[in-house]
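Chemist: my questions concern the predicted model and sequence given below.
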There are 2 protein chains.
Amino acid sequence: MSKEALGRRIPVLEVFGPTVQGEGMVIGQKTMFVRTAGCDYSCSWCDSAFTWDGSGKQDIRMITASEVWEELRQVGGSTFSHVTLSGGNPALLPQLGELIDLLHAEGVKVALETQGSRWQDWFHRIDDLTLSPKPPSSGMTTDWDVLDEIVGKLRSEGRSYSLKVVIFDEADLRYATSVHHRYPGVTFYLQAGNDDVKEQDSSVLLRRLMDRYLWLVDTAMSSEELKDVRVLPQLHAWLWGNKRGV
Amino acid sequence: MSKEALGRRIPVLEVFGPTVQGEGMVIGQKTMFVRTAGCDYSCSWCDSAFTWDGSGKQDIRMITASEVWEELRQVGGSTFSHVTLSGGNPALLPQLGELIDLLHAEGVKVALETQGSRWQDWFHRIDDLTLSPKPPSSGMTTDWDVLDEIVGKLRSEGRSYSLKVVIFDEADLRYATSVHHRYPGVTFYLQAGNDDVKEQDSSVLLRRLMDRYLWLVDTAMSSEELKDVRVLPQLHAWLWGNKRGV
Ligand code: SF4
Ligand code: SF4
């Protein structure tokens, strides 16, 4: 196989579904998931660290867009018409454009979430695009120039997209407020963070997640700076805890 | 006061918020609620029967659009920019158009849900409009001619809106599937119904609601007829149980 063809392969860690999207702008959507490997960040509370910390390395498969499509059909049959590209950070992969086109040709819509640290031209072809810059608690630093550029490109095409910030504490909420004001008019989601991605007792986790969500709701409701916002939990964590592949 | 001016008054039962919208197309949205009195239906499982069964009669106030706006400001201060008109069936009230225009003039977006049994010209001015026809378990019968006409008018204006069906059982799901196929391309929500609007123990209720939601998710996920759907719970009932005014 030529080097070029090899270059078009996608590092895939998981293909699963259909299940409901648990968060953000298409919460509740029936969707398949394709999880790619690799991230340019290393957030302290990452709930999919196996995509980048080496622990999932043996599960990475380098496959083509058509092989991904075959696998989606194998796993999901004819029950779906929506696919979510998840990571890691799928925006590291220029070759995802091919998969997106193939999915569209099959009548399938495509959602993607990325932290907004890298641009790809295929962003314009994502049906449900979420930029989710990471707040201080992640330990990461936002490159505002890059994020401004990405937002500028999306705006110039009139593409609809949303912003989402995961919130763990007051400092995160201040960060979110500044993001909201920096990009006015963009649908803006606050998401209660899961501060214990190891807890295996799902009822203990549920209680904790509900408390964190209620705190975020209370705080956002009383704020005059956060008016036009949407506050959501991670529904899948409420339902299935910290399990993978659901 | 002249009879005409009196005619423009709105029967208001509750003004509360801000809180999060618990369901449907703007789930999570920070919003104020204005609940109007009166419904042309009497669904068996109605969670706001006090709006039409006489039990809330003494709380109905006939107030003008500007009085509603004053009250919204009194209750919600400067913390909001979104208002949900709720009922009962607000679509019984032609005079709501005035309130909608007043809210828009104040920079406030307006959401509304109705079963789709009556048309009002102000539907065109609703920012987040949900038609929620009632399935067999409600005991009500859908007038398809009226619903077709409403959908047709919305479509001709290119207005975005969504459909939502509350599901209690298999028959409801068959009804929902037929609605989904009758109006293809419209964002379609399945909502797990709350079959016990009297349960006061919120943890008992939560367990039951989660089970009903998981049943609906499982059923919808395996269906080939329900591909492009969104399956959601009633988030507010999970959080606050059957309490009013939250
Ligand atoms: S950007 Fe996302 S995938 Fe990457 S480390 Fe952070 S949370 Fe994990
Ligand atoms: S249409 Fe809505 S408000 Fe009217 S009876 Fe049915 S559930 Fe209750």
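Modeler: On my side now, so go ahead. Ligands and ions are numbered 1, 2, ... in the order given.

Chemist: name the residues that touch the lengthiest helix in chain A?
Modeler: Ranked by number of residues, the top helix in chain A under DSSP state H is helix A:202-222. Residues outside helix A:202-222 that contact it (CB atoms under 8 Å, 6 or more residues apart in numbering or on different chains) are A:167, A:173, A:190, A:192-196, A:199, A:226, A:229, A:231, A:233-234, A:237-238, A:240-242, B:17-20, B:30, B:79, B:238-239. Heads up, the C-betas are built off the backbone N, CA and C, glycines and all.

Chemist: in helices, which of the residues you listed appear?
Modeler: Per DSSP H, these map to helices at A:173, A:237-238, A:240, B:238-239.

Chemist: so which bits of chain A are right by ligand 1?
Modeler: A:39, A:41-43, A:46, A:48, A:51, A:87-89, A:115, A:134 (CB under 6 Å from any ligand atom).

Chemist: how many other residues sit next to the spatially closest residue to A:Gly107 that is not a sequence neighbour?
Modeler: Excluding the flanking residues, the one nearest A:Gly107 by CB to CB, 6 or more residues apart in numbering or on different chains is A:Ser81, at 6.1 Å. A:Ser81 sits with 18 neighbouring residues when counted by other CB atoms under 10 Å in any protein chain shown.

Chemist: if we can go back for a sec, got the CA coordinates for the longest helix of chain A in CSV?
Modeler: Extracted in CSV, the C-alpha atoms of helix A:202-222 (Å, rounded to 0.1, in the frame of the first residue of the first chain):
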residue,chain,number,x,y,z
SER,A,202,-23.7,4.3,39.9
SER,A,203,-26.2,5.4,42.6
VAL,A,204,-23.5,7.2,44.6
LEU,A,205,-22.3,8.8,41.3
LEU,A,206,-25.8,9.8,40.4
ARG,A,207,-26.4,11.6,43.7
ARG,A,208,-23.1,13.5,43.3
LEU,A,209,-23.7,14.4,39.7
MET,A,210,-27.2,15.7,40.4
ASP,A,211,-25.9,17.8,43.3
ARG,A,212,-23.2,19.3,41.0
TYR,A,213,-25.8,20.0,38.3
LEU,A,214,-28.2,21.6,40.9
TRP,A,215,-25.4,23.8,42.1
LEU,A,216,-24.6,24.9,38.5
VAL,A,217,-28.3,25.5,37.8
ASP,A,218,-28.7,27.6,41.0
THR,A,219,-25.6,29.7,40.2
ALA,A,220,-26.5,30.3,36.6
MET,A,221,-30.1,31.1,37.4
SER,A,222,-29.1,33.9,39.7
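
Chemist: what about the strands in chain A?
Modeler: Assigned by DSSP state E, the strands in chain A fall at A:10-20, A:30-36, A:61-63, A:82-86, A:109-114, A:128-131, A:161-167, A:187-192, A:230-232.

Chemist: please see if the first one touches chain B.
Modeler: Yes: contact between strand A:10-20 and chain B is present through A:17-20 (criterion: CB under 8 Å from any CB of the partner chain).

Chemist: need phi/psi at whichever residue of chain A sits closest to ligand 2.
Modeler: Scanning chain A for the residue nearest ligand 2 gives A:Gly28, at 20.2 Å (criterion: CB to the nearest ligand atom). Torsion angles at A:Gly28 (phi, psi; degrees, to the nearest 10) stand at phi 90, psi -20.

Chemist: quick one, what contacts it?
Modeler: Contacts for A:Gly28 (CB under 8 Å, 6+ apart) come out as A:20-21, A:235, B:27, B:189, B:230-232.

Chemist: pretty sure A:Gln29 contacts A:Val110?
Modeler: No: A:Gln29 lies out of contact with A:Val110 (CB atoms under 8 Å); the separation is 11.4 Å.

Chemist: which residues are common contacts for these two?
Modeler: Counting by CB under 8 Å, 6+ apart, the residues touching both A:Gln29 and A:Val110 are A:82, A:84, A:128.

Chemist: name the nearest residue to the last one, ignoring sequence neighbours.
Modeler: Closest residue to A:Asp128 apart from its sequence neighbours, by CB to CB, 6+ apart: A:Ala111 at 3.7 Å.

Chemist: with A:Ser137 instead?
Modeler: Per CB to CB, 6+ apart, closest to A:Ser137 is A:Phe168, 4.2 Å.

Chemist: pLDDT score assigned to A:Glu157?
Modeler: pLDDT, A:Glu157: 85.

Chemist: hang on, it packs against A:His124?
Modeler: Yes: applying CB under 8 Å, one finds A:Glu157 in contact with A:His124, separated by 5.5 Å.

Chemist: okay, the two: which has more neighbours?
Modeler: Higher neighbour count among A:Glu157 and A:His124: A:His124, with 14 against 10, using other CB under 10 Å.
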